[in-house]
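Student: structure for the following, please:
(one chain, ligands or ions: 2)
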Amino acid sequence: ATPTSIMVGTGRAAELGVLFRKGDALQMLQETGTVALDKTGTLTAGRPELTDIITCEGLDENDVLHLVAAAEHSSEHPIASAIVKAAEKRGMTLPRPDKFNSLTGFGVSAVVQGHDVLVGADRLMQREGINLEQLSGKASALATRGKTPLYVAIDGKIAAVIAVSDPIKETSPHAIQTLQALGLNIVMITGDNQKTANAIANELGIDSVVAEVLPEGKVRALEDLRKSASGKLAFVGDGINDAPALAAADVGIAIGTGTDVAIEAADVVLMAGDLNGVVNAFHISQQTMRNIR
Ligand code: ADP
Ligand code: MG
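Tutor: Ligands and ions are numbered 1, 2, ... in the order given. This next block holds a predicted model:
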(Lines give C-alpha, C1' and ligand atoms only; values in the text may rest on other atoms or scores of the structure.)
(Ligands and ions follow the chains in the order given, each with its own letter.)
Protein backbone atom coordinates (compact mmCIF):
# COMPACT_ATOMS: atom_id res chain seq x y z
CA ALA A 1 0.00 0.00 0.00
CA THR A 2 1.19 3.48 -0.75
CA PRO A 3 1.46 5.92 2.14
CA THR A 4 -1.08 8.15 0.39
CA SER A 5 -3.74 5.48 0.02
CA ILE A 6 -3.24 4.48 3.65
CA MET A 7 -3.71 8.12 4.66
CA VAL A 8 -6.88 8.41 2.62
CA GLY A 9 -8.20 5.17 4.11
CA THR A 10 -7.42 6.18 7.68
CA GLY A 11 -9.05 9.55 7.05
CA ARG A 12 -12.24 8.01 5.70
CA ALA A 13 -12.29 5.60 8.63
CA ALA A 14 -11.92 8.45 11.11
CA GLU A 15 -14.97 10.13 9.56
CA LEU A 16 -16.89 6.96 10.39
CA GLY A 17 -15.59 6.93 13.96
CA VAL A 18 -12.98 4.22 13.38
CA LEU A 19 -9.56 5.36 14.56
CA PHE A 20 -6.56 3.51 13.17
CA ARG A 21 -3.72 4.01 15.60
CA LYS A 22 -1.34 2.05 13.39
CA GLY A 23 -1.28 2.41 9.60
CA ASP A 24 -0.48 -1.25 9.02
CA ALA A 25 -3.69 -2.31 10.76
CA LEU A 26 -5.54 -1.33 7.57
CA GLN A 27 -3.45 -3.85 5.66
CA MET A 28 -3.62 -6.48 8.43
CA LEU A 29 -7.43 -6.37 8.37
CA GLN A 30 -7.41 -7.21 4.68
CA GLU A 31 -5.41 -10.35 5.53
CA THR A 32 -7.58 -11.26 8.51
CA GLY A 33 -9.36 -14.62 8.47
CA THR A 34 -10.65 -14.89 12.02
CA VAL A 35 -12.28 -12.35 14.31
CA ALA A 36 -12.48 -13.28 17.99
CA LEU A 37 -14.79 -11.19 20.16
CA ASP A 38 -15.18 -10.79 23.89
CA LYS A 39 -18.77 -11.39 24.99
CA THR A 40 -19.51 -9.12 27.94
CA GLY A 41 -19.59 -5.44 26.99
CA THR A 42 -18.62 -6.19 23.39
CA LEU A 43 -21.39 -8.41 21.98
CA THR A 44 -23.66 -7.69 24.95
CA ALA A 45 -24.47 -4.39 26.64
CA GLY A 46 -22.25 -5.19 29.62
CA ARG A 47 -24.92 -3.99 32.03
CA PRO A 48 -26.45 -7.15 33.47
CA GLU A 49 -29.59 -7.17 35.58
CA LEU A 50 -30.57 -9.53 38.35
CA THR A 51 -33.41 -11.74 37.09
CA ASP A 52 -33.75 -14.74 39.41
CA ILE A 53 -33.15 -15.77 43.00
CA ILE A 54 -33.74 -19.44 43.79
CA THR A 55 -33.05 -20.33 47.41
CA CYS A 56 -32.68 -23.66 49.15
CA GLU A 57 -35.66 -24.74 51.24
CA GLY A 58 -36.14 -22.73 54.41
CA LEU A 59 -34.15 -19.72 53.26
CA ASP A 60 -35.75 -16.37 52.55
CA GLU A 61 -35.01 -14.72 49.20
CA ASN A 62 -34.57 -11.27 50.76
CA ASP A 63 -32.29 -12.52 53.53
CA VAL A 64 -30.05 -14.12 50.90
CA LEU A 65 -30.06 -11.08 48.63
CA HIS A 66 -29.20 -8.86 51.63
CA LEU A 67 -26.08 -10.89 52.44
CA VAL A 68 -25.07 -11.31 48.81
CA ALA A 69 -25.43 -7.62 47.98
CA ALA A 70 -23.43 -6.66 51.06
CA ALA A 71 -20.71 -9.10 49.98
CA GLU A 72 -20.68 -7.68 46.44
CA HIS A 73 -20.70 -4.03 47.48
CA SER A 74 -16.98 -3.45 47.01
CA SER A 75 -16.62 -5.50 43.81
CA GLU A 76 -16.25 -3.54 40.60
CA HIS A 77 -17.57 -6.34 38.41
CA PRO A 78 -20.77 -5.50 36.45
CA ILE A 79 -22.36 -8.58 38.06
CA ALA A 80 -21.82 -6.96 41.45
CA SER A 81 -23.48 -3.72 40.31
CA ALA A 82 -26.51 -5.70 39.12
CA ILE A 83 -26.87 -7.39 42.50
CA VAL A 84 -26.37 -4.22 44.54
CA LYS A 85 -28.84 -2.33 42.37
CA ALA A 86 -31.47 -5.05 42.86
CA ALA A 87 -31.03 -4.88 46.63
CA GLU A 88 -31.33 -1.10 46.65
CA LYS A 89 -34.45 -1.34 44.51
CA ARG A 90 -35.96 -3.46 47.25
CA GLY A 91 -35.11 -0.74 49.77
CA MET A 92 -32.33 -2.65 51.52
CA THR A 93 -29.58 -0.87 53.38
CA LEU A 94 -26.43 -2.91 53.08
CA PRO A 95 -24.18 -3.66 56.03
CA ARG A 96 -20.47 -3.21 55.56
CA PRO A 97 -18.72 -6.58 55.30
CA ASP A 98 -16.11 -7.32 57.97
CA LYS A 99 -13.95 -8.96 55.35
CA PHE A 100 -13.98 -8.82 51.57
CA ASN A 101 -12.01 -10.62 48.88
CA SER A 102 -12.41 -10.18 45.16
CA LEU A 103 -11.51 -13.45 43.42
CA THR A 104 -10.92 -12.36 39.83
CA GLY A 105 -12.62 -14.66 37.33
CA PHE A 106 -14.29 -16.60 40.15
CA GLY A 107 -16.45 -14.30 42.28
CA VAL A 108 -16.23 -12.80 45.77
CA SER A 109 -15.88 -14.01 49.32
CA ALA A 110 -16.86 -11.92 52.33
CA VAL A 111 -17.82 -12.04 55.96
CA VAL A 112 -21.14 -10.24 56.51
CA GLN A 113 -22.76 -9.98 59.95
CA GLY A 114 -20.77 -12.97 61.09
CA HIS A 115 -21.62 -15.13 58.07
CA ASP A 116 -19.16 -16.48 55.51
CA VAL A 117 -20.61 -15.54 52.13
CA LEU A 118 -19.35 -16.86 48.81
CA VAL A 119 -20.83 -15.71 45.50
CA GLY A 120 -19.64 -16.79 42.09
CA ALA A 121 -19.15 -19.33 39.36
CA ASP A 122 -19.36 -23.08 39.84
CA ARG A 123 -15.57 -23.28 39.66
CA LEU A 124 -15.36 -21.10 42.80
CA MET A 125 -17.71 -23.44 44.68
CA GLN A 126 -15.84 -26.50 43.47
CA ARG A 127 -12.58 -24.97 44.62
CA GLU A 128 -14.09 -24.36 48.06
CA GLY A 129 -15.56 -27.84 48.27
CA ILE A 130 -19.21 -26.70 48.29
CA ASN A 131 -21.71 -29.37 47.21
CA LEU A 132 -23.87 -27.90 44.43
CA GLU A 133 -26.07 -30.89 43.76
CA GLN A 134 -29.26 -29.34 45.16
CA LEU A 135 -29.22 -26.43 42.74
CA SER A 136 -27.11 -27.48 39.77
CA GLY A 137 -30.18 -28.43 37.72
CA LYS A 138 -31.72 -24.99 38.30
CA ALA A 139 -28.44 -23.25 37.44
CA SER A 140 -28.14 -25.24 34.27
CA ALA A 141 -31.71 -24.34 33.21
CA LEU A 142 -30.97 -20.63 33.74
CA ALA A 143 -27.78 -20.86 31.70
CA THR A 144 -29.56 -22.59 28.84
CA ARG A 145 -31.70 -19.45 28.60
CA GLY A 146 -28.61 -17.27 28.22
CA LYS A 147 -28.53 -16.07 31.82
CA THR A 148 -25.41 -16.22 33.99
CA PRO A 149 -26.08 -18.34 37.08
CA LEU A 150 -24.13 -17.55 40.25
CA TYR A 151 -24.02 -19.82 43.23
CA VAL A 152 -24.32 -18.50 46.76
CA ALA A 153 -22.86 -20.36 49.71
CA ILE A 154 -23.49 -19.23 53.28
CA ASP A 155 -21.31 -20.61 56.08
CA GLY A 156 -19.93 -23.31 53.83
CA LYS A 157 -23.27 -24.60 52.53
CA ILE A 158 -25.05 -24.00 49.25
CA ALA A 159 -27.85 -21.46 49.86
CA ALA A 160 -29.06 -20.17 46.51
CA VAL A 161 -28.51 -19.73 42.84
CA ILE A 162 -29.10 -16.28 41.43
CA ALA A 163 -29.02 -15.22 37.81
CA VAL A 164 -28.07 -12.10 35.94
CA SER A 165 -28.92 -11.40 32.35
CA ASP A 166 -26.96 -9.16 30.03
CA PRO A 167 -28.88 -8.24 26.86
CA ILE A 168 -27.27 -8.55 23.43
CA LYS A 169 -26.64 -5.13 21.86
CA GLU A 170 -29.27 -4.40 19.26
CA THR A 171 -26.65 -3.93 16.56
CA SER A 172 -24.66 -7.11 17.26
CA PRO A 173 -26.65 -9.71 15.27
CA HIS A 174 -26.52 -7.78 12.00
CA ALA A 175 -22.86 -6.84 12.47
CA ILE A 176 -21.95 -10.50 13.02
CA GLN A 177 -23.94 -11.56 9.94
CA THR A 178 -22.16 -8.96 7.83
CA LEU A 179 -18.73 -10.07 9.04
CA GLN A 180 -19.64 -13.67 8.28
CA ALA A 181 -20.79 -12.64 4.80
CA LEU A 182 -17.33 -11.13 4.28
CA GLY A 183 -16.02 -14.66 4.77
CA LEU A 184 -14.64 -14.10 8.26
CA ASN A 185 -14.57 -16.87 10.83
CA ILE A 186 -16.21 -15.54 14.03
CA VAL A 187 -15.29 -16.79 17.52
CA MET A 188 -16.65 -15.71 20.93
CA ILE A 189 -14.27 -15.72 23.90
CA THR A 190 -15.64 -15.32 27.42
CA GLY A 191 -15.09 -15.97 31.10
CA ASP A 192 -18.77 -16.77 31.45
CA ASN A 193 -19.99 -20.33 31.77
CA GLN A 194 -20.19 -22.62 28.75
CA LYS A 195 -23.97 -23.06 28.61
CA THR A 196 -24.67 -19.33 28.93
CA ALA A 197 -22.08 -18.54 26.29
CA ASN A 198 -23.51 -21.16 23.94
CA ALA A 199 -27.02 -19.73 24.32
CA ILE A 200 -25.85 -16.19 23.53
CA ALA A 201 -23.69 -17.38 20.64
CA ASN A 202 -26.63 -19.32 19.26
CA GLU A 203 -28.78 -16.17 19.25
CA LEU A 204 -26.02 -14.39 17.34
CA GLY A 205 -25.40 -17.18 14.83
CA ILE A 206 -21.86 -17.73 16.14
CA ASP A 207 -20.90 -21.39 16.17
CA SER A 208 -17.44 -21.18 17.66
CA VAL A 209 -17.25 -20.46 21.42
CA VAL A 210 -14.38 -20.51 23.89
CA ALA A 211 -15.93 -20.16 27.37
CA GLU A 212 -14.88 -20.28 31.04
CA VAL A 213 -11.63 -18.57 30.19
CA LEU A 214 -9.87 -16.99 33.16
CA PRO A 215 -8.87 -13.33 32.69
CA GLU A 216 -5.24 -14.26 32.09
CA GLY A 217 -6.34 -17.04 29.73
CA LYS A 218 -7.64 -14.89 26.88
CA VAL A 219 -4.18 -14.59 25.34
CA ARG A 220 -3.73 -18.36 25.44
CA ALA A 221 -7.15 -18.81 23.84
CA LEU A 222 -5.98 -16.52 21.02
CA GLU A 223 -2.72 -18.43 20.60
CA ASP A 224 -4.74 -21.65 20.28
CA LEU A 225 -6.95 -20.03 17.65
CA ARG A 226 -3.91 -18.84 15.76
CA LYS A 227 -2.78 -22.44 15.30
CA SER A 228 -5.97 -23.40 13.49
CA ALA A 229 -6.82 -20.06 11.88
CA SER A 230 -5.94 -19.16 8.34
CA GLY A 231 -4.93 -15.56 7.83
CA LYS A 232 -4.43 -12.93 10.48
CA LEU A 233 -6.30 -12.88 13.75
CA ALA A 234 -8.28 -9.89 15.01
CA PHE A 235 -9.64 -9.51 18.55
CA VAL A 236 -12.40 -7.16 19.64
CA GLY A 237 -12.81 -6.26 23.31
CA ASP A 238 -13.62 -3.54 25.80
CA GLY A 239 -12.47 -4.47 29.30
CA ILE A 240 -9.34 -4.32 31.43
CA ASN A 241 -9.25 -8.11 31.07
CA ASP A 242 -9.09 -7.70 27.31
CA ALA A 243 -5.96 -5.52 27.15
CA PRO A 244 -3.43 -8.40 26.91
CA ALA A 245 -5.49 -10.08 24.15
CA LEU A 246 -5.85 -6.78 22.27
CA ALA A 247 -2.08 -6.46 22.33
CA ALA A 248 -1.47 -10.10 21.38
CA ALA A 249 -3.84 -10.19 18.37
CA ASP A 250 -2.58 -9.20 14.90
CA VAL A 251 -5.23 -6.51 15.01
CA GLY A 252 -6.60 -5.42 18.39
CA ILE A 253 -9.89 -3.54 18.10
CA ALA A 254 -11.16 -1.75 21.21
CA ILE A 255 -14.67 -0.52 21.83
CA GLY A 256 -14.10 3.16 22.58
CA THR A 257 -16.70 3.23 25.32
CA GLY A 258 -14.67 0.58 27.16
CA THR A 259 -11.81 0.99 29.60
CA ASP A 260 -8.76 3.18 28.93
CA VAL A 261 -6.45 0.21 29.42
CA ALA A 262 -8.15 -1.60 26.55
CA ILE A 263 -8.06 1.46 24.31
CA GLU A 264 -4.34 1.94 24.91
CA ALA A 265 -3.58 -1.68 23.99
CA ALA A 266 -5.53 -1.53 20.71
CA ASP A 267 -4.49 -0.92 17.07
CA VAL A 268 -7.97 0.27 16.16
CA VAL A 269 -10.41 2.17 18.37
CA LEU A 270 -14.13 2.39 17.66
CA MET A 271 -15.66 5.66 18.76
CA ALA A 272 -19.16 4.19 19.01
CA GLY A 273 -20.07 1.48 21.48
CA ASP A 274 -21.25 -1.06 18.94
CA LEU A 275 -19.88 -3.50 16.37
CA ASN A 276 -20.86 -1.56 13.26
CA GLY A 277 -17.44 0.03 13.66
CA VAL A 278 -15.81 -3.37 13.12
CA VAL A 279 -17.79 -3.79 9.90
CA ASN A 280 -16.75 -0.30 8.77
CA ALA A 281 -13.12 -1.04 9.55
CA PHE A 282 -13.20 -4.15 7.33
CA HIS A 283 -15.02 -2.35 4.50
CA ILE A 284 -12.54 0.51 4.47
CA SER A 285 -9.62 -1.87 4.61
CA GLN A 286 -10.96 -3.71 1.56
CA GLN A 287 -11.61 -0.51 -0.39
CA THR A 288 -8.18 0.87 0.43
CA MET A 289 -6.34 -2.27 -0.55
CA ARG A 290 -8.45 -2.74 -3.69
CA ASN A 291 -7.48 0.76 -4.88
CA ILE A 292 -3.86 -0.16 -4.61
CA ARG A 293 -3.90 -3.31 -6.69
P1 ADP B 1 -16.47 -12.03 31.86
O2 ADP B 1 -16.09 -10.56 31.91
O3 ADP B 1 -16.29 -12.61 30.49
O4 ADP B 1 -17.81 -12.32 32.44
P5 ADP B 1 -14.88 -12.61 34.25
O6 ADP B 1 -13.56 -13.30 34.28
O7 ADP B 1 -14.96 -11.20 34.69
O8 ADP B 1 -15.41 -12.82 32.76
O9 ADP B 1 -15.91 -13.44 35.14
C10 ADP B 1 -16.06 -14.81 34.93
C11 ADP B 1 -17.11 -15.38 35.86
O12 ADP B 1 -16.69 -15.27 37.22
C13 ADP B 1 -18.44 -14.68 35.81
O14 ADP B 1 -19.25 -15.13 34.75
C15 ADP B 1 -19.00 -15.03 37.17
O16 ADP B 1 -19.52 -16.34 37.16
C17 ADP B 1 -17.79 -15.01 38.06
N18 ADP B 1 -17.62 -13.70 38.72
C19 ADP B 1 -16.66 -12.78 38.46
N20 ADP B 1 -16.79 -11.70 39.26
C21 ADP B 1 -17.88 -11.94 40.05
C22 ADP B 1 -18.55 -11.20 41.09
N23 ADP B 1 -18.16 -10.00 41.51
N24 ADP B 1 -19.62 -11.79 41.66
C25 ADP B 1 -20.04 -12.99 41.27
N26 ADP B 1 -19.47 -13.72 40.31
C27 ADP B 1 -18.39 -13.21 39.69
MG1 MG C 1 -15.95 -7.29 28.17
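Student: which non-adjacent residue is nearest G273?
Tutor: Residue nearest to G273 in three dimensions, not counting chain neighbours: T257, with 3.8 Å by C-beta to C-beta, 6 or more residues apart in numbering. C-betas here are computed from N, CA, C, even on glycine.
Student: hmm, I was thinking of G46
Tutor: T40 (5.4 Å).
Student: what's near enough to touch that neighbour?
Tutor: Taking C-beta atoms under 8 Å, 6 or more residues apart in numbering, we find T40 in contact with G46, P78, D166, T190, G191, D192, G239.
Student: help me confirm that S285 is found in a strand?
Tutor: No - S285 is assigned helix when assessed by DSSP: H, G, I helix; E, B strand; the rest coil, not a strand.
Student: who touches it in this structure?
Tutor: Taking C-beta under 8 Å, 6+ apart, we find S285 in contact with G9, L26, Q27, L29, Q30.
Student: include secondary structure and neighbour count when you put these into CSV, please.
Tutor: Formatted as CSV, the contacts of S285 follow (DSSP: H, G, I helix; E, B strand; the rest coil; neighbours: other C-beta atoms under 10 Å):
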residue, secondary structure, neighbour count
G9, helix, 23
L26, helix, 26
Q27, helix, 19
L29, helix, 27
Q30, helix, 19
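Student: now those residues in CSV, with pLDDT?
Tutor: Compiled in CSV, these are given as follows (pLDDT from 0 to 100):
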residue, pLDDT
G9, 90
L26, 92
Q27, 93
L29, 96
Q30, 95
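Student: so which of these comes closest to A139?
Tutor: A139 has its nearest neighbour among the contacts of S285 in L29, at 39.5 Å by C-beta to C-beta.
Student: and the gap between the closest one and ligand 2?
Tutor: Remark: distance between L29 and ligand 2 (C-beta to the ion, to the nearest Å) = 21 Å.
Student: which non-adjacent residue is nearest that residue?
Tutor: Of all residues not flanking L29 in the chain, S285 sits nearest, at 3.8 Å (C-beta to C-beta, 6+ apart).
Student: from L124, how far off is the closest residue to ligand 1 within the stretch 101-250 of the chain?
Tutor: The nearest approach of the stretch 101-250 of the chain to ligand 1 comes at G191, 2.4 Å away (C-beta to the nearest ligand atom). Per C-beta to C-beta, to the nearest Å, G191 is found 12 Å from L124.
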